[in-house]
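Colleague: Build the 3D model from these lines:
(chains A and B)
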Amino acid sequence: MLLPRHIARTALLLIIGSLFFSSISMLLPQQASALSGSEFRAGRIIDDPVFFDGNAMNVTEVQMFLNAKVPECDTNGTQFTTRWNGGAGRYYTRAEWGALNGNPAPYTCLKDYSENTPTRAADAYCSGTFFGGVKSAARIIDDVSRACSVSQKALIVLLQKEQSLITDDWPWAIQYRSATGYGCPDTAACDEAYYGFFNQVYNAARQFQRYIHQANLFNFRSGQTAYVQFNPNAGCGGSNVFIENPATAALYNYTPYQPNAPALDNLYGTGDGCSAYGNRNFWRMFNDWFGTTQAPNWSWQWNSQYAFTNQNKTTPKDLNNLRPGEQVYVGFTARNTGNMTWSNSSNPIRVGTLAPMERASWFAQGSNWLSPSRPATLREASVAPGAVGTFEFWLTAPNISGTYNERFGLLSEGRTWLNDIGLSYGIRVVPDTFSWQWNSQYAYTDQNKTTAKNLQTMRVGEKAYVGFTARNTGNMTWTNNGANPMRVGTVNPLERTSSFASGSSWLGNSRPAAMKETSVAPGAVGTFEFWITANNTGSFNERFGLVAEGRTWLNDVGLSYGIVVSPDTYSWQWQSQYAYTNQNKTTPRNLNNLSPGEQVYVGFTARNTGNVTWTNNGANPLRVGTADPRERNSVFGLGSNWIGVTRPAAMKETSVAPGAVGTFEFWLTAPNTPGTYNERFSLLAEGRTWLNDLGLSYGIRVGN
Amino acid sequence: MKIRNKKTTSRKKLAIAGALVILVAGGSVAVWELSNRDSDPASTERKPTINYGPATDTEKKEADANKDRIVKEQEQNNPSPETPSGKKAVTPTITSTTGSIKAYVSGIFEEGGTCTATFSKGDSKLSRTSVGFQNVSYTQCAPIDISDGFLSPGTWSLVVSYSSATAEGSSGAQSVEVN
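Modeller: Next up, the predicted model:
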């Protein structure tokens, strides 16, 4: 059906417009249903977790709240009152009326108020110190809340209930002076000892704590029935009230009146002549501004959290690098912020897995949990509201490395889950790693490592004691026993057979040694030492690496020993030469004029420039021998007591190492025949080889 | 009749509008239902929150009424009733008689006064005292213990009286059952 265009358009606009506005109204903050006086419970005005929560608001929220309730302060009192100024024929302005009553403008609103406050030390009631200084009203409220563990919300409502300070846009000085009504009896003047905004707020908060700590001293007490009047006028009567909790007792101890029926029936207005509104208004305003005064039955707050290597809880454990299968002992403490006492037996409070709820955790296996989604039960038998409970359990890292976010929450088993505060343990499981870093390297002639050995000067058959130290840069502890002991192995290529093995007491052809230390933790240094035997001549680059036997080779850092094995060489260098009259070697003898038959004691020293140590005994002793030609018979040998016909002498020293000097001395007996003689000698390693002939000679003249 | 474009377009508009109406109406009903759902009335209706709205009319009216109260108190010309000895007349309120006598005295905020609990039964008249101390807006009598059996079983008549340098007075009589 077609509608006329203009009607259709109008209808469309009306429909869209009304829907728009109803949607907007749906989005405005509103109560689920209006507060009714019938909901007021005389015995349970407010719950302890709500009233005594010193962290209910932060200072910014308090300031924002004050700003919101009085967006604009009527500082100069320019607005009109509802009091008629007959003389002027109009209503008084606020400034006028205020002045008339001793309270002229300007007026300071609570959001702008500040005061130079004193310090109040902690005491038995306010367990925190209030530090003095110039502070705003919001800061004073917040700091007192925290020092005395009374909710910021409760103090805000108290200030409104007593002097309407929160919503007053032109407050008088007297309202600050007696802001919480402290020291102000009903029908008498206030006690000036308690004057001042800070004084009022602090003493009120502190007094609430006195009602808790000295509950026996005051009229109203949790768990007891007491008579509560409706009004300071006893004639208005009252009734017996069973006080259900300490916070409610505290409110009555502060203001000992309960609302009568007319006051409750007209919740936002006045009752009758017997009504007193203090506690009614506290309850009503708290609900209107901050929601229910009742704590949830079951709720908790994070208190502390920790992880240790084991249940002794002495060594903290960083959860960032667990190895597969590694176990860690974790825990957390939780404050009971609900109304119900926690039990570990009846509907016990337990830790349960979250994200998602009841997930089977990968950390459960081997951890001795109640089930894959139940790590632990509350440790304490009973945790009352406000007290703290403990939960502890093992986590066993799974074999799959990765980053895990283990989320947990609390539940009362068989009854309900508690609030999810987002408790979690961030865990990284890293695979086992074996790796090392070169630390030091050395070679010695001996196992005591006293004499360094230059490996470029080895001889066939010679041994050297070499070693190196290695820093463990992996995450596994090295051992020298058990399943996978740490060893040196030949590399380049892996498992090559080394010619230096034979005769060296290796574990095997490609395994010089095991680690010396029993155990080397990550970050510590291990030592590896072994003998090498030079079996062949040549230049060698002996490469080695580390292996966790039966498991894995470690990184090859290129560790090597450059070794040069040379054939044996015998050679010498002339050092000195001499002739004496006798073996005392005190009187030199000129060999130019010997008499026939005269004996003369000659000698020379020789530096060992070969690579074999000379000895004067054993298989190949060093001796002087006649030379030019070799083995010639010398006429000077007769009667000279040589060790052999062509062997004047053996080396005097038992042993002369390469580089050291040996001494050779012997007699020469001049023959009977005069003449000029050139006695030539050289050195030999008897039975092995002659050394280089340096032309050593003694020029001798025998005269008549 | 030939259907002109304009009419076809406006019919389309109406159809679209109709669909929108259904959608929004349906959505609004859903929102309305959800917001009015009554689950656990005690604990879930008014979740912890902070109401950053401005002061309501009621709150402003009450603030104004507070000023009237202040003025009235400042103008207080009627002196409190006085006793013959010139002290302020006060009436202690008894709040509890179980195990101990608890009472307080409104209208006076001071330390050091004497609270006396007087028990009468037949010819017997016993009394015990405690000290009064300041509590916010009144004087609290320290509790007077009666659990030690000094009162023989039966019904006693209790009167609590208060006396200090500045005030005095008695409560009405109240019966106390002693087992």
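
Colleague: tell me the SS of A:Gln175?
Modeller: A:Gln175 falls in the helix class when you classify it by DSSP: H, G, I helix; E, B strand; the rest coil.

Colleague: Ramachandran angles for the closest residue to it other than its chain neighbours?
Modeller: Leaving aside its chain neighbours, A:Gln175 sits nearest to A:Gln163 (4.2 Å; criterion: C-beta to C-beta, 6 or more residues apart in numbering or on different chains). (Glycine included, C-beta is placed from N, CA and C.) Backbone torsions for A:Gln163, taken as degrees, to the nearest 10, come to phi -140, psi 10.

Colleague: check contacts around A:Gln163.
Modeller: Each residue near A:Gln163 by C-beta atoms under 8 Å, 6 or more residues apart in numbering or on different chains is listed here: A:Pro171, A:Gln175, A:Ser178, A:Ala179, A:Thr180, A:Gly181, B:Asn66.

Colleague: and the third one, how many residues sit next to it?
Modeller: In terms of burial, A:Ser178 registers 23 neighbours under the definition other C-beta atoms under 10 Å in any protein chain shown.

Colleague: and what of the second one?
Modeller: Neighbours of A:Gln175 under the rule other C-beta under 10 Å: 24.

Colleague: Pull up the per-residue confidence for it.
Modeller: At A:Gln175, the pLDDT value in this model is 97.

Colleague: Surely it is in contact with B:Ile70?
Modeller: Yes. Using C-beta atoms under 8 Å, A:Gln175 is in contact with B:Ile70, at 7.5 Å.

Colleague: check contacts around A:Ser682.
Modeller: A:Ser682 touches A:Val624, A:Gly625, A:Ala627, A:Asp628, A:Arg630, A:Trp690, A:Leu691, A:Asn692, A:Asp693, A:Leu694, A:Leu696, counting by C-beta under 8 Å, 6+ apart.

Colleague: and the longest strand for chain B?
Modeller: strand B:124-135 (DSSP state E).

Colleague: Distance from that one to the middle of the chain?
Modeller: Centroid separation for strand B:124-135 versus its chain: 27 Å, with C-alpha atoms, centre = their mean, to the nearest Å.

Colleague: Sheet partners, orientation included, of it?
Modeller: Counting by DSSP bridges, the strands paired with strand B:124-135 are strand B:114-121 (antiparallel), strand B:138-141 (antiparallel).

Colleague: can you pull out the helices in chain B?
Modeller: Along chain B, the stretches classed as helices by DSSP state H are B:5-35, B:57-74.

Colleague: what's the answer for the stretch 101-250 of chain A, then?
Modeller: Counting by DSSP state H, counting those that start in this stretch, one finds helices in the stretch 101-250 of chain A at the ranges A:137-148, A:152-163, A:173-177, A:197-213, A:246-254.

Colleague: Turn those helices into TSV, columns for distance to A:Gln224.
Modeller: As requested, these are exported to TSV (distance: least, C-beta to C-beta, whole Å):
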stretch	distance to A:Gln224
helix A:137-148	24
helix A:152-163	22
helix A:173-177	35
helix A:197-213	13
helix A:246-254	8
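
Colleague: hang on, the earlier thing: what is the nearest of the contacts of A:Ser682 to A:Ala657?
Modeller: When those are compared for distance to A:Ala657 (C-beta to C-beta), A:Leu691 wins out at 15.4 Å.

Colleague: Next up, the contacts around the residue nearest to the closest one when sequence neighbours are not counted.
Modeller: Spatial nearest neighbour of A:Leu691, excluding adjacent residues (C-beta to C-beta, 6+ apart): A:Leu683 at 4.2 Å. A:Leu683 makes contacts with A:Trp572, A:Ala606, A:Leu622, A:Arg623, A:Val624, A:Gly625, A:Phe664, A:Trp690, A:Leu691, as judged by C-beta under 8 Å, 6+ apart.

Colleague: and A:Asn616, how far is that from chain B?
Modeller: 104 Å (C-beta to the nearest C-beta, to the nearest Å).

Colleague: who touches the closest residue in space to that residue that isn't next to it in sequence in this structure?
Modeller: Leaving aside its chain neighbours, A:Asn616 sits nearest to A:Met651 (4.3 Å; criterion: C-beta to C-beta, 6+ apart). Going by C-beta under 8 Å, 6+ apart, A:Met651 touches A:Trp614, A:Thr615, A:Asn616, A:Pro621, A:Leu622, A:Arg623, A:Gly662, A:Thr663, A:Phe664.

Colleague: now those residues: which count as buried?
Modeller: For the contacts of A:Met651, a neighbour count by 16 or more other C-beta atoms under 10 Å in any protein chain shown gives the buried set as A:Trp614, A:Thr615, A:Asn616, A:Pro621, A:Leu622, A:Arg623, A:Gly662, A:Phe664.

Colleague: Pick out the most distant pair among the residues you listed.
Modeller: The two members of these with the most space between them (C-beta to C-beta) are A:Thr615 and A:Phe664, at 13.6 Å.

Colleague: And stretch B:153-170, end to end?
Modeller: 24 Å (C-alpha to C-alpha, to the nearest Å).

Colleague: contacting residues around that stretch?
Modeller: B:83, B:85, B:87-92, B:94, B:97, B:101, B:103, B:105, B:107-108, B:110, B:112-121, B:132, B:139, B:141, B:171-179.

Colleague: List the buried residues of that stretch.
Modeller: B:Trp156, B:Leu158, B:Val159, B:Val160, B:Ser161, B:Tyr162, B:Ser163, B:Ser164, B:Ala167, B:Glu168, B:Gly169, B:Ser170.

Colleague: what pLDDT, on average, does that stretch get?
Modeller: In the prediction, stretch B:153-170 has an average pLDDT of 96.

Colleague: Look at A:Thr314 and give its secondary structure.
Modeller: Applying three-state DSSP: A:Thr314 is coil.

Colleague: surely A:Phe332 meets A:Gly389?
Modeller: No. Judged on C-beta under 8 Å, A:Phe332 makes no contact with A:Gly389 at a distance of 9.6 Å.

Colleague: domains for chain A, by residue range?
Modeller: A:48-79+A:91-290, A:300-429, A:436-566, A:572-702 (automatic domain parsing).

Colleague: any weak-confidence spans in the chain?
Modeller: No chain specified, so I'll use chain A. A:1-4, A:6-8, A:10-33, A:704 (pLDDT under 70).

Colleague: please go with chain B instead
Modeller: For chain B, the ranges with pLDDT under 70 are B:1-9, B:19, B:24-46, B:77-78.

Colleague: Let me see the domain layout of it.
Modeller: When chain B is cut into domains by automatic domain parsing, you get B:1-43, B:88-178.

Colleague: Doesn't A:Pro262 lie inside a helix?
Modeller: Yes. Under three-state DSSP, A:Pro262 sits within a helix.

Colleague: Now do the contacts for it.
Modeller: Shown in contact with A:Pro262 (C-beta under 8 Å, 6+ apart): A:Gly271, A:Asp272, A:Cys274, A:Ser275.

Colleague: Kindly report the same for A:Trp553.
Modeller: A:Gly489, A:Val491, A:Leu494, A:Gly545, A:Leu546, A:Val547.

Colleague: Sort out for me which of those are in strands.
Modeller: A:Gly489, A:Gly545, A:Leu546, A:Val547.

Colleague: Which residue is the nearest non-sequential neighbour of the last one?
Modeller: Ranked by C-beta to C-beta, 6+ apart and with sequence neighbours excluded, the top spatial neighbour of A:Val547 is A:Gly489, at 4.3 Å.

Colleague: what about that neighbour, how many residues close to it?
Modeller: Residues lying near A:Gly489 (other C-beta under 10 Å) number 20.
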